[in-house]
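Chemist: Whatever this is, show me its structure:
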Amino acid sequence: MELNLFALRGSDHFGEAVAKALGQPLSALEEREFEDGEHKSRPLESVRGSDVYVCHSLHGGPKDSPNDKLCRLLFFIGTLKTNGAARVTAVVPYLAYARKDRQTKPRDPLTARYLAQLLEAVGTDRVVTIEVHNLAAFQNAFRCETVALDTRGVLLDRAAELAESSVVTVASPDLGGVKRAELFREALEGRCKRRVGFAFMEKHRSAGKVTGSLVAGDLDAARVLVIDDLIASGGTMVRAAQAFLDQGAIEVWAFAAHGLFTKGASEALADPALAGWIVTDTVPPFRLQGGVGAERVEIISAAPLFARAIRRLHENRAITDLPAAGS
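Modeler: Reported below is the predicted structural model:
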């Protein structure tokens, strides 16, 4: 079965990086805008009987909202199925709405579930993403096949470099991320062949207000690597870093898959509580341009990991030895 890889507008750079790592060009498509704001997308080559992968990250900006991008992705997948694609995989480096996976207030929406239903309704056969907010909720929301990669496959080498010359601790900035940080700690311990400490901080969020001050773990004289799924304004990372320094850490680094860097991020990036910020390229760094502290952000590409996953999925080979949380 032939493999086709498409990248929709706004995900061109990441798609090209994936295609390069795969060793094949992106498939051609047309995207048109109409005067009334409607649009259409179509493949410019036959997809009949093909194994098709569509790369599109659902972050907001710089031109389109997450809703615009989701609509484009849905319509394009539907078009591929209409034109005979044997299998269509949505490759979504940043999955919008994944954080809203449970009801925390009366009559709250379950937006992660609705997103899954929309993707399935147009015929999506598989969804591939990285570092979902809640793995169990992600897997349970979908009825089609899912693959959830994680940042061990992208950020572990850099973490090992930081661990070479110091006592090191992996930490979670909140209780919800403890399992994610623990998996990263285990992988780093295996790479370094020595003990890696663990720590976490309590955090509660309600109506936009963050509370909680409990800190526990191996912090004395340690270089602390704080692991999270995403960075929005960066406030959570700064809050955790200061708490860890107050408990005896000598240095704190922020690690995350998705760098959104929304309003207020410039101030957080410049805060001396953190020695540096390390993210992947699932969200392009357009909000960092000209921002204070932007030079302190290091970006490591996740495209090679996605390319390895796509190659194995296309060849119907196991992906369990990739840094994948589920399939």
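Chemist: got the buried residues for the strand or helix carrying His258?
Modeler: Here His258 sits within strand 251-259, counting by DSSP states H and E. Buried residues in strand 251-259, defined by neighbour count with 16 or more other C-beta atoms under 10 Å: 251-259. Backbone N, C-alpha and C define where each C-beta goes, glycine included.
Chemist: what are the ranges of the strands in the stretch 201-327 of the chain?
Modeler: Using DSSP state E, counting those that start in this stretch, the strands of the stretch 201-327 of the chain run over 204-206, 209-211, 215-217, 223-231, 251-259, 276-280, 297-300, 324-326.
Chemist: Oh, that last question was meant for the stretch 51-200 of the chain, not what I typed.
Modeler: 51-55, 87-91, 126-130, 145-149, 168-172, 197-201.
Chemist: now, of those strands, which is deepest in the fold?
Modeler: Most buried of the strands of the stretch 51-200 of the chain by mean neighbour count (mean count of other C-beta atoms under 10 Å) is strand 168-172; its value is a mean of 28.
Chemist: Let me have the strands of the stretch 51-200 of the chain in CSV, adding mean pLDDT and distance to Ala302 as columns.
Modeler: Output for the strands of the stretch 51-200 of the chain, formatted as CSV (pLDDT from 0 to 100; distance: least, C-beta to C-beta, whole Å):
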stretch, mean pLDDT, distance to Ala302
strand 51-55, 98, 11
strand 87-91, 98, 11
strand 126-130, 98, 6
strand 145-149, 96, 8
strand 168-172, 97, 19
strand 197-201, 96, 25
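Chemist: any chance of these in CSV, plus distance to Arg239?
Modeler: As requested, the strands of the stretch 51-200 of the chain are exported to CSV (distance: least, C-beta to C-beta, whole Å):
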stretch, distance to Arg239
strand 51-55, 34
strand 87-91, 33
strand 126-130, 25
strand 145-149, 27
strand 168-172, 12
strand 197-201, 8
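Chemist: re the thing from before, out of the strands of the stretch 201-327 of the chain, the one nearest Ala163 is which?
Modeler: Counting by C-beta to C-beta, Ala163 lies closest to strand 223-231 out of these; the figure is 7.3 Å.
Chemist: what's the average pLDDT for the closest one?
Modeler: Here strand 223-231 scores 97 as its mean pLDDT.
Chemist: Also stretch 178-192?
Modeler: In this model, stretch 178-192 has a mean pLDDT of 95.
Chemist: and the chain, what are its domains?
Modeler: 3-151+304-326, 154-300 (automatic domain parsing).
Chemist: circling back: nearest to Asp228, out of the buried residues of strand 251-259: which one, please.
Modeler: The closest of those to Asp228 turns out to be Ala256 (C-beta to C-beta; 4.7 Å).
Chemist: Which strand residues bridge the closest one?
Modeler: Per DSSP bridges, the residues bridged to Ala256 are Asp228, Val279.
Chemist: ok, now which ones touch it?
Modeler: 131, 151, 227-231, 237, 277-279 (C-beta atoms under 8 Å, 6 or more residues apart in numbering).
Chemist: sec struct for Ala17, please.
Modeler: With DSSP: H, G, I helix; E, B strand; the rest coil as the basis, Ala17 sits in helix.
Chemist: Please verify my assumption that it contacts Ala303.
Modeler: Yes - counting by C-beta atoms under 8 Å, Ala17 does reach Ala303; the two are 3.5 Å apart.
Chemist: of these two, who's got more company?
Modeler: Legend: neighbour count by other C-beta atoms under 10 Å for Ala17 and Ala303, higher for Ala303 (23 against 19).
Chemist: Counting by contacts, list what the helix ranked longest in the chain packs against.
Modeler: As assigned by DSSP state H, the longest helix anywhere in the chain is helix 66-82. Secondary-structure packing of helix 66-82 (3 or more C-beta pairs under 8 Å, 6 or more residues apart in numbering; DSSP states H and E): strand 39-43, strand 51-55, strand 87-91, helix 111-121.
Chemist: With distance to Ala98 added, can I get those in CSV?
Modeler: Compiled in CSV, those are given as follows (distance: least, C-beta to C-beta, whole Å):
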stretch, distance to Ala98
strand 39-43, 23
strand 51-55, 17
strand 87-91, 13
helix 111-121, 5
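Chemist: Val292 is nearest to which of these?
Modeler: Proximity to Val292 (C-beta to C-beta) singles out strand 51-55 among the helices and strands packed on helix 66-82, at 31.5 Å.
Chemist: Report the inter-axis angle for the closest one versus strand 126-130.
Modeler: For strand 51-55 against strand 126-130, the angle by axes from the mean of the first three to the mean of the last three C-alpha atoms, to 10 degrees is 40 degrees.
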